[in-house]
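*Asks:* Everything below, folded, please.
(one chain, ligands or ions: 1)
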Amino acid sequence: MANVTVIGAQWGDEGKGKIVDWLAERADAVVRFQGGHNAGHTLVVGENVYKLSLLPSGIVTGTLSIIGNGVVLDPWALRDEMVKLRGQGVSITTENFALADNCALILPIHRDLDGLRETAAGSGKIGTTGRGIGPAYEDKVGRRAIRVCDLAHLDALDAQLNRLCAHHDALRAGFGEPPVDRARLIADLKDIAPFVLEYAEPVWRRLNKVRKAGARILFEGAQGVLLDVDHGTYPFVTSSNTVSGTAASGSGLGPSAAGFVLGIVKAYTTRVGSGPFPTELEDETGQRLGERGHEFGTVTGRKRRCGWFDAVIVRQSCAVSGVTGIALTKLDVLDGFDTIKICTGYRLNGKVYDYLPAHAADQAAVEPIYEEMPGWQETTAGARSWADLPAQAIKYISRVQELIETPVALVSTSPQREDTILVRDPFAD
Ligand code: IMP
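*Replies:* Below is the predicted model:
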C-alpha cells in the first residue's frame, strides 16, 4: 500500500498542518522524522484549533503517532504539549503514541547556547526559534548527546556527561557563563525520565511491523527544503535535513518507504528568520500578503517576511526532494490583486540562473526575473472544485505547475479540512 511523505517546499509555514491532518484521517500511522519543537502546525477541525510543535498531527485523530529517531526531543516541551492537548480532549496513550528510544534529547543547556550565540551574533544572527535545535543536533553528531534510552540508565551516565559538559563548559566560558550545573541537569533528567520512558521503544520495529501488515504510513516533515542543512540557504537554515529522503533515515524504514512525496507549496512565498529571500517585498504588496495570509509564526509569533511566488526555488526543492506532486495552499491570499508576479529566473553579474546558486552572497545578490499575469477579483476561498475557481486562478495554477515541472495533486482553499480540490489522491495506489 502507498505511503505519503509530506514536506515543505519553501521556507516552512506552507500550511502543512492542514494537509497532514487531512491525510492523517486515512493513514494508519503518522511519523515525525526530523526537527523538533521548532515546528508549528496549526490544525483547524470544525470549531477546534490545535497547535502542535512536536507531536505528529495524527494524534488529534487518534491515529498511531510516532516520533522517529531523526527528531531532537525536548522532553519538557513534549510533556507540556501533551498536557495541553489532553486538556482539549485528545487521548494520548502507549497505544497511539510512541517515541524512538534512540532520539537525541534537547536539554536546557542547548537552549542556553542557542540564545547566547544568537545574542552574540547581533545582526549576523540566524534568527533561530531559540529552542536549542542546532546545539542538540551538534551534540548528536558530535557523539556526546544524551538520548532517550540513556534515561533508563542515569546511574551509568558519567562518561557521557563528562564529554558533554567538557564541551559545553568550554563554550559557556567563552560567553562568560558558569559551567553546566551537572547536579541540576541530572536531577531534571531523573524527574522527567519516567514520563519519557513510558512511550519509548525501538519504533523502527513497530513501523516495520505495521508496514508489513499493509499500513499506510504518513511521514510528516517539518520546516521546508530551503531550510535543509545541505540544500537550503546555508547558513540560514535549520540543523536537520528537511528533504524527503530523511523520512527513511529518521524513522528506521528503508528508502522505498517514502512513497508519494507531496511537496507543500504556498501560492506566494514567506520566510521567518534571517537570510536570502530573492522575491521578498518590503512594500505595500508584501504588507498586504502578510495581512491577508495572517503571516505570523505559530511557534515564535514573529512576523513573516512575504514576497511573490518564486518558481525557481520551488522547482529546485521539488528536484532535490523527488516531489511526486504538490499541494498548493493559500491561493485565496492572492484574491483581488490586479496583477500577480511569478519569479521565473534570477539575474546575477549579467548571467541568468535557472537555479539558486549555493553561495550565501550570491543568494543574497540574485535579482528575480518576473513574469506578470492578470489577477482575479472573485474569491477562491472555500472552493472545492475547479468549477468554483475563476479562470485566471486556474491559469495561475497551470503556470505554476509548468514552471516547477511538477504536477499539482491538490489545492487547499481555506484552513478547513473540507475546502480542498483533489486532483490526485496521494494515498491512491
Ligand atoms: P532553528 O530551527 O530554531 O535552529 O532555526 C533555524 C532557522 O529555521 C530560522 O530561520 C527559523 O526561523 C527557521 N525555522 C525553524 N523552524 C521553522 C518552522 O517550523 N517554520 C519556519 N521556519 C522555521
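*Asks:* just the helices in the stretch 251-400 of the chain please.
*Replies:* 284-292, 311-321, 360-365, 391-404 (DSSP state H, counting those that start in this stretch).
*Asks:* Now mean neighbour count too, for these, in JSON lines please.
*Replies:* C-beta coordinates here come from the backbone N, C-alpha and C atoms, glycine included. Below are those laid out as JSON lines (neighbours: other Cβ atoms under 10 Å):
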{"stretch": "helix 284-292", "mean neighbour count": "16"}
{"stretch": "helix 311-321", "mean neighbour count": "23"}
{"stretch": "helix 360-365", "mean neighbour count": "14"}
{"stretch": "helix 391-404", "mean neighbour count": "18"}
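*Asks:* Let me have these in CSV, extended by distance to residue 18 and mean pLDDT.
*Replies:* Shown next, in CSV, are those (distance: least, Cβ to Cβ, whole Å; pLDDT from 0 to 100):
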stretch, distance to residue 18, mean pLDDT
helix 284-292, 17, 96
helix 311-321, 19, 98
helix 360-365, 30, 97
helix 391-404, 18, 98
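*Asks:* what about residue 416, how many residues close to it?
*Replies:* Neighbour count of residue 416, defined by other Cβ atoms under 10 Å: 15.
*Asks:* repeat for residue 26
*Replies:* Residue 26, neighbours per other Cβ under 10 Å, totals 14.
*Asks:* Go through the helices of the stretch 251-400 of the chain and name the closest to residue 4.
*Replies:* helix 311-321 (13.3 Å; Cβ to Cβ).
*Asks:* got the helices of the stretch 251-400 of the chain as a markdown table, with distance to residue 68 columns?
*Replies:* Below are these laid out as a markdown table (distance: least, Cβ to Cβ, whole Å):
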| stretch | distance to residue 68 |
| --- | --- |
| helix 284-292 | 33 |
| helix 311-321 | 17 |
| helix 360-365 | 30 |
| helix 391-404 | 28 |
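*Asks:* how about the ones you listed, which one is nearest residue 26?
*Replies:* Within these, the stretch nearest residue 26 is helix 311-321; the backing value is 22.3 Å (Cβ to Cβ).
*Asks:* That closest one vs the ligand: in contact?
*Replies:* No: Helix 311-321 is not in contact with the ligand by Cβ under 6 Å from any ligand atom; minimum separation 14.0 Å.
*Asks:* Determine the set of other helices and strands touching that helix.
*Replies:* Under the contact criterion of 3 or more Cβ pairs under 8 Å, 6 or more residues apart in numbering; DSSP states H and E, helix 311-321 touches strand 260-266, strand 339-348, helix 391-404.
*Asks:* so how far is it from its chain's centroid?
*Replies:* 16 Å (Cα atoms, centre = their mean, to the nearest Å).
*Asks:* swap in stretch 75-94?
*Replies:* Per Cα atoms, centre = their mean, the centroid offset for stretch 75-94 relative to its chain is 20 Å.
*Asks:* got it, and stretch 280-295?
*Replies:* 22 Å.
*Asks:* change the start of the numbering to 58 and stick with it
*Replies:* Happy to do that; since the first residue is 58 now, the last one works out to stretch 337-352.
*Asks:* Now do the end-to-end distance for it.
*Replies:* Using Cα to Cα, to the nearest Å, the span of stretch 337-352 from its first residue to its last is 14 Å.
*Asks:* Kindly report the same for stretch 255-273.
*Replies:* Termini of stretch 255-273 sit 25 Å apart (Cα to Cα).
*Asks:* Tell me the buried residues in that stretch?
*Replies:* Applying a neighbour-count criterion of 16 or more other Cβ atoms under 10 Å, the buried positions in stretch 255-273 are 256-258, 260-261, 263-265, 267-268, 272-273.
*Asks:* any low-confidence regions in the stretch 308-457 of the chain?
*Replies:* For the stretch 308-457 of the chain, not a single residue meets the criterion pLDDT under 70.
*Asks:* Residue of it closest to the ligand, please.
*Replies:* Closest contact between the stretch 308-457 of the chain and the ligand, by Cβ to the nearest ligand atom, is at residue 330 (2.3 Å).
*Asks:* Just give the nearest non-adjacent residue to that residue, would you?
*Replies:* Nearest residue to residue 330, sequence neighbours excluded (Cβ to Cβ, 6 or more residues apart in numbering): residue 184, at 2.9 Å.
*Asks:* Could you give the number of residues near the one you found?
*Replies:* Neighbours of residue 184 under the rule other Cβ under 10 Å: 15.
*Asks:* now residue 441
*Replies:* Using other Cβ under 10 Å, the number of residues around residue 441 comes to 15.
*Asks:* go on, the one 3 residues further on?
*Replies:* By the other Cβ under 10 Å criterion, the neighbourhood of residue 444 contains 8 residues.
*Asks:* what is the mean pLDDT for stretch 264-280?
*Replies:* Over the span of stretch 264-280, the pLDDT mean works out to 96.
*Asks:* next one: stretch 287-301
*Replies:* 98.
*Asks:* Are that stretch and the ligand in contact anywhere?
*Replies:* Yes: with Cβ under 6 Å from any ligand atom as the criterion, the ligand is reached by stretch 287-301 at 293, 295-296.
*Asks:* ok, so of the residues you listed, who is nearest residue 401?
*Replies:* Checking the residues of stretch 287-301 next to the ligand one by one against residue 401 (Cβ to Cβ), the nearest turns out to be residue 293, at 23.4 Å.
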